[in-house]
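> Below: sequence and its predicted model.
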Amino acid sequence: MKRFLSFFLSVSILGSLLSLAETILLKNGNRLEGEVLKKSEKHLFLDVGFDVLNIPSEAISGIEEAGVTEDVAASEEELVSTTPSGQSLFSKQANAQTRSVKENAEIVGEAVVQIGTPSGLGSGFVIHPDGYVITNNHVIAGEHKITIMIFRQTSRELEKIQKQNVKILATSPVLDLALLKIEGEESPDFAHVPVEAGGGVRSGQSVFAIGSP
């Protein structure tokens, strides 16, 4: 469990490091790191991850460009977690194209699942054909009995397949993420969603959220 929990925390930290665009040098000797969202004659707006700072231009002594250091780049491979068989949990899609919501839903719709607990329902998605599932931590927090409903498209309708042998591998209340595993499958081959393993996602990119399938 510690291994998978470190995967969540490490990928989050790596994403933060990769997104740091510049270092702001202040006249009082302090330094601020973040992504410059807007710069005008009187103000600079800096995204520091959890807040946006409005810095007066007169308080800035200089700006340094920041790149990914060799240490961070070299450690990226170590931060990517693997399955017990040694396979990466991630499957980055080659030559990914921008598609409409409808097109994306048709491609990855079967990878979206419904998470069931005694206290309610939530949603998640499969990230690996062996049955690894990501959901929000608040969906399964404090729960021990978890089911996963898979929806497979037939020629006429969606077929519901309930999986009751579900194991919690890792949870992170800070990131509000949880990693689950559908157990007991002799030859699993679940439809899954490609996932970006590093800091490739940038502010301003189009995304869409999936609710109850």
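Yes, it's here.

> C-alpha only now, for contacts and for neighbours.
Will do.

> For Thr98, give its distance to Val207.
As judged by CA to CA, to the nearest Å, Thr98 and Val207 stand 10 Å apart.

> Likewise for Lys160?
Distance from Lys160 to Val207, counting by CA to CA: 27 Å.

> and Glu103, that's in a helix?
Yes: when classified by DSSP: H, G, I helix; E, B strand; the rest coil, Glu103 is found to be part of a helix.

> How many neighbouring residues does it have?
Applying other CA atoms under 10 Å, we find 11 residues neighbouring Glu103.

> Between Lys160 and Val207, tell me which one has more neighbours.
More neighbours sit around Lys160 than around the other of Lys160 and Val207, counting by other CA under 10 Å; the figures are 12 against 7.

> Just give the closest residue to that one, not the sequence neighbours.
Using CA to CA, 6 or more residues apart in numbering and skipping the chain neighbours, the partner closest in space to Lys160 is Phe151 (4.9 Å).

> That neighbour contacts Phe190, doesn't it?
No: when contacts are counted by CA atoms under 8 Å, Phe151 is not listed as touching Phe190 (10.8 Å).

> what's the overlap in contacts for those two?
Both Phe151 and Phe190 lack any common contacting residue under the criterion CA atoms under 8 Å, 6 or more residues apart in numbering.

> what helix or strand does Gln114 sit in?
Remark: Gln114 resides in strand 112-117, with elements defined by DSSP states H and E.

> go on, Lys181?
Take DSSP H and E as the rule and Lys181 turns out to sit in strand 177-182.

> Report all helices and strands that that strand contacts.
Counting contacts by 3 or more CA pairs under 8 Å, 6 or more residues apart in numbering; DSSP states H and E, strand 177-182 is packed against strand 132-135, helix 137-140, strand 166-172.

> which residues does Gly131 contact?
The contact partners of Gly131, by CA under 8 Å, 6+ apart, come to 181-183, 188-190.
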